[in-house]
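S.K.: sequence? don't have it. structure:
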């Protein structure tokens, strides 16, 4: 795998991990275990059956927890550390065999990318929870799962294309975060003081 392809794989899997780290790890592990794709040697551990099983079980739990209003926000709060950390580990593993400095940079960038996609996910869900109906949460969760699985698959098969897709997604994620931050400030902000007579 060339350096450019490694960058594409790292970007794709880190953005996906920010949405659903367990689905990302389980899919990478299964692909590694069954030899569907040739992943970097630093990801070999993901192909161990115990890792695939653990990621699969956690994905099963998240699949349901992520679709319940307010439970999803608690789950997201807990995973504010988990998702970027998982992405950083993936970035480190993808650049195994490279100088330590390159691995450290890859881990930092991967963690930052995951934190950005996680931030977009968490703020969108928090806004959806202000709606009394539960269907928007289910729809958003399904869309996020599809993006995570699709992006991970694309990253394994077409990493260069994935890099371009992630650049676009990162731009959208930043816009989403900014938009919802403004929304929450308006919603939760104190009412303006009345003018003096």
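M.R.: Sure, I can see it. Since this is a predicted model, take the numbers as computed values, not measurements. Residues are numbered from 1 along each chain as shown.
S.K.: contacts and neighbour counts: CA atoms only from here.
M.R.: Will do.
S.K.: now stretch 63-79: buried residues?
M.R.: For stretch 63-79, burial by neighbour count (16 or more other CA atoms under 10 Å) applies to 63, 65-70, 72-73, 76, 79.
S.K.: low-scoring stretches of this structure, by residue?
M.R.: 189-197 (pLDDT under 70).
S.K.: which residues in it form helices?
M.R.: With DSSP state H as the criterion, the chain has helices at 3-33, 49-65, 71-94, 100-128, 135-157, 159-188.
S.K.: just want the angle from the first one to helix 100-128.
M.R.: Spelled out, it's helix 3-33. 70 degrees (axes from the mean of the first three to the mean of the last three CA atoms, to 10 degrees).
S.K.: look up how far residue 178 lies from residue 164.
M.R.: Distance, residue 164 to residue 178, by CA to CA, to the nearest Å: 22 Å.
S.K.: re the thing from before, can you put the helices of the chain in a markdown table and add distance to residue 41?
M.R.: Listed next are the helices of the chain as a markdown table, based on distance: least, CA to CA, whole Å:
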| stretch | distance to residue 41 |
| --- | --- |
| helix 3-33 | 10 |
| helix 49-65 | 16 |
| helix 71-94 | 8 |
| helix 100-128 | 13 |
| helix 135-157 | 14 |
| helix 159-188 | 16 |
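S.K.: hey, which of those is tucked in deepest?
M.R.: Comparing these by mean neighbour count (mean count of other CA atoms under 10 Å), helix 3-33 ranks first with a mean of 26.
S.K.: so which of the helices of the chain gets nearest residue 40?
M.R.: helix 71-94 (5.5 Å; CA to CA).
S.K.: report the contact partners of the residue lying closest to residue 66 once chain neighbours are set aside.
M.R.: Nearest residue to residue 66 in three dimensions, chain neighbours excluded: residue 72, at 4.5 Å (CA to CA, 6 or more residues apart in numbering). Shown in contact with residue 72 (CA atoms under 8 Å, 6 or more residues apart in numbering): 65-66, 125.
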